[in-house]
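S.K.: Sequence and predicted structure are below.
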Amino acid sequence: MRGIILTAGEGTRMRPLTLTRPKTMLPVGGKPLLQYNLEALRDAGVKNITMVVGYYQEVVEEHFQDGVKFGVQIEYVTQEKRLGTAHAIATAASSVEEEVIILNGDILVQSQVIKSLIEKYHRTNCDTILTLTEVDNPSSFGVVELQNDKITDIIEKPAPDKAPTNLINAGIYFFTPKIFRAIEKTPKSSRGEYEITDSIKIQIQNGEEVLGLTFQDRWIDIGRPWELLEINEHFLENMESEIQGIIEEGVTIHGPVILGKGSILRSGSYIMGPVFIGENTDIGPNSFIRKYSSIGNGVSVGNGVEIKNSIVMDNTNINHLSYVGDSVIGADCNLAAGTNIANLRFDDCEVKLTVKKDRINSGRRKLGVIFADDVKTGINSSFNPGVMVGQGARVGSGAIIYRDVPSHMMVIPLQEHDIIDRRTMDK
């Protein structure tokens with residue numbers, strides 16, 4: 001059996017983090033999102049995997065290569081134009097000879113769900129199985145109608161009072177090769193894309209047996225930047241300590257910590273796990289790393305720095321006397337000494353951010369900033385909650401940032417100074 005992971009999309013709602021990588025390659029808990037899905041397939045016994053790539057595909061291919069170090073065999077097919085999920089699946093048709101498991105790369109799934117899909121197929125010998133999960137508000141998803149466990153219809157994003165059930169399509173599929181005949185007959189949707197749910201509805205209309213598999217495990221759909229923090233917490237909360245680096249005398253550790261090869265925790269630092277620290281990373285001295293922080297490879301965290309519940313990506317420097325709270329910091333950033341990132345509004349309201357020009361309530365009372373890659377700040381700069389800073393942006397010393405900074409822009413605070421001859425002050 002083959003697994004196909006769809007990872008060609010841009011992830012525009014995750015910008016500015018996806019300006020330099022696909023959404024599926026954003027790190028949580030020390031791994032790219034995509035790696036969790038690959039490992040779920042592998043652990044369910046599916047070791048021949050096709051990745052449908054497109055946007056920044058070289059980032060995916062460089063990390064996973066042929067898959068051998070992950071215990072699988074990977075081949076890549078390129079979706080040149082992103083024309084929907086059915087189009088993406090059709091791109092991989094040449095690699096499919098028998099049954100196939102297909103995952104959207106931007107959801108996270110446990111291996112047990114995949115095992116259950118396979119077991120259900122062997123019990124029923126049906127044509128298609130959709131995994132289903134129950135949500136409080138189904139109006140943002142594809143909602144299914146069921147008779148017993150047989151799917152009779154799929155309604156895309158119904159109005160809140162029109163949804164027939166609270167069961168939604170979770171983006172994990174079991175298909176036989178019959179799906180490709182349905183895809184060939186699938187017209188473009190109103191969005192101008194070929195939707196796999198339309199292909200499945202063609203199967204239903206043709207009398208093919210389409211079943212649902214409802215699961216109770218936690219299902220996470222990653223759509224917006226701050227949701228990475230929730231997922232990061234999810235993966236860190238059950239981790240166990242693994243120390244491969246150096247811990248100097250005078251370091252205090254409470255809770256589980258992963259410390260990668262070549263990394264060092266310097267004297268006086270206080271680590272409150274669970275915390276993930278990658279390889280060749282230098283922490284301290286006298287730094288405070290609080291729970292649910294995930295710090296990548298090649299990171300430098302200076303003297304007297306505090307990091308709380310944040311993701312810090314590879315090769316970023318956070319210099320002395322800085323504070324980072326509830327934030328996502330991209331790769332190759334440099335936070336100068338005294339950079340302060342606020343994570344709580346002074347009016348105590350939930351933090352809002354701008355996503356694709358819409359103002360969105362994050363639902364989080366504590367949320368700091370979202371930095372893209374290669375952001376550099378000057379000394380004593382400050383950032384209000386909910387600010388997004390684009391790729392390659394520069395923020396000058398002493399600036400107070402309360403609105404988003406676009407990519408490659410520079411913020412220079414304007415200040416007035418009086419220079420007075422002190423020898424004349426007493427005259």
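M.R.: That came through, no problem.

S.K.: How many neighbouring residues does K162 have?
M.R.: Number of residues near K162 (other CB atoms under 10 Å) recorded here: 11. The C-beta positions use only the backbone N, C-alpha and C, and glycine is treated the same way.

S.K.: residues contacting it?
M.R.: Neighbour list for K162: I155 [criterion: CB atoms under 8 Å, 6 or more residues apart in numbering].

S.K.: just G302 next, same as before
M.R.: Per CB under 8 Å, 6+ apart, neighbours of G302: 284, 287, 317-322, 337.

S.K.: and if we set it to 10 Å?
M.R.: Listed by CB atoms under 10 Å, 6 or more residues apart in numbering, the contact partners of G302 are 266, 282-287, 317-322, 335, 337.

S.K.: now do S139
M.R.: Contacts of S139 by CB under 10 Å, 6+ apart are 155, 157-163, 168.

S.K.: would you say it is within a strand?
M.R.: No - S139: not assigned to a strand; according to DSSP: H, G, I helix; E, B strand; the rest coil it is helix.

S.K.: Selection in PyMOL covering whichever of the contacts of G302 are buried, please.
M.R.: Buried members of the contacts of G302, defined by 16 or more other CB atoms under 10 Å, are picked up in PyMOL with:
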select buried, resi 266+282+283+284+285+286+287+317+318+319+321+322+335+337
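
S.K.: just checking, which of the contacts of G302 belong to strands?
M.R.: Counting by DSSP state E, the part of these found in strands is 282-283, 317-318, 335.

S.K.: Reformat these as a markdown table; add distance to S407.
M.R.: Below are these laid out as a markdown table (distance: CB to CB, whole Å):
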| residue | distance to S407 |
| --- | --- |
| D282 | 28 |
| I283 | 29 |
| N317 | 20 |
| I318 | 21 |
| L335 | 18 |
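
S.K.: all strands for the stretch 1-150 of the chain, in order.
M.R.: Using DSSP state E, counting those that start in this stretch, the strands of the stretch 1-150 of the chain run over 2-7, 27-28, 31-32, 48-53, 73-78, 100-104, 107-108, 128-134, 142-147, 150-156.

S.K.: and L6, how many neighbours does it have?
M.R.: Neighbour count for L6, taken as other CB under 10 Å: 25.

S.K.: okay but it is in contact with V52, surely?
M.R.: Yes - applying CB atoms under 10 Å, one finds L6 in contact with V52, separated by 5.1 Å.

S.K.: joint contacts of those two?
M.R.: Shared contacts of L6 and V52 (CB under 10 Å, 6+ apart): 79, 85, 88-89, 91-92, 102, 105.

S.K.: Buried among those? Need that as a selection in ChimeraX.
M.R.: Buried members of those, defined by 16+ other CB under 10 Å, are picked up in ChimeraX with:
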select :79,85,88,89,91,92,102,105
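
S.K.: Among the shared contacts of L6 and V52, which are located in helices?
M.R.: Members of those lying in helices (criterion: DSSP state H): 85, 88-89, 91.

S.K.: could you redo those residues as CSV and give each row pLDDT and distance to G273?
M.R.: Listed next are those as CSV, based on pLDDT from 0 to 100; distance: CB to CB, whole Å:
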residue, pLDDT, distance to G273
T85, 88, 39
A88, 90, 39
I89, 90, 41
T91, 89, 42
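
S.K.: Run a quick neighbour tally on I311.
M.R.: For I311, the count of nearby residues is 29 (other CB under 10 Å).

S.K.: which residues are in contact with stretch 356-365?
M.R.: For stretch 356-365, contacts defined as CB under 10 Å, 6+ apart pick out 12-13, 15, 224-227, 229-230, 326, 343-345, 348-355, 385-386.

S.K.: Distance across that stretch, terminal residue to terminal residue?
M.R.: End-to-end span of stretch 356-365 (CA to CA, to the nearest Å): 22 Å.

S.K.: For that stretch, the averaged confidence score.
M.R.: Taken as a whole, stretch 356-365 carries a mean pLDDT of 90.

S.K.: How about stretch 183-203?
M.R.: For stretch 183-203, mean pLDDT is 88.

S.K.: Please state the offset of that stretch from the chain centre?
M.R.: With CA atoms, centre = their mean, to the nearest Å as the basis, stretch 183-203 stands 27 Å off its chain's centre.

S.K.: re earlier: just put the shared contacts of L6 and V52 in TSV and tack on distance to T20.
M.R.: Putting these into TSV (distance: CB to CB, whole Å) gives the following:
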residue	distance to T20
Q79	19
T85	24
A88	22
I89	27
T91	24
A92	25
I102	27
G105	17
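
S.K.: Scan the contacts of S139 and report the most crowded one.
M.R.: Neighbour tally across the contacts of S139 (other CB under 10 Å): the maximum, 25 neighbours, falls on I168.

S.K.: Lowest pLDDT pick from the contacts of G302?
M.R.: G284 (92).

S.K.: Run a quick check on it versus T252, I expect a contact.
M.R.: No - the pair G284 / T252 is not scored as a contact, 11.1 Å apart, by CB under 10 Å.

S.K.: any shared contact partners between those two?
M.R.: Taking CB under 10 Å, 6+ apart as the criterion, G284 and T252 both touch 265, 268-271.

S.K.: about what we covered before: out of the ones in strands among the contacts of G302, which is nearest to P406?
M.R.: For the ones in strands among the contacts of G302, the residue nearest P406 by CB to CB is L335; the value is 19.0 Å.

S.K.: Spit out the contact partners of the closest one.
M.R.: Each residue near L335 by CB under 10 Å, 6+ apart is listed here: 301-302, 305, 312, 316-319, 322-324, 329, 341, 371, 375-379, 381, 383, 395.
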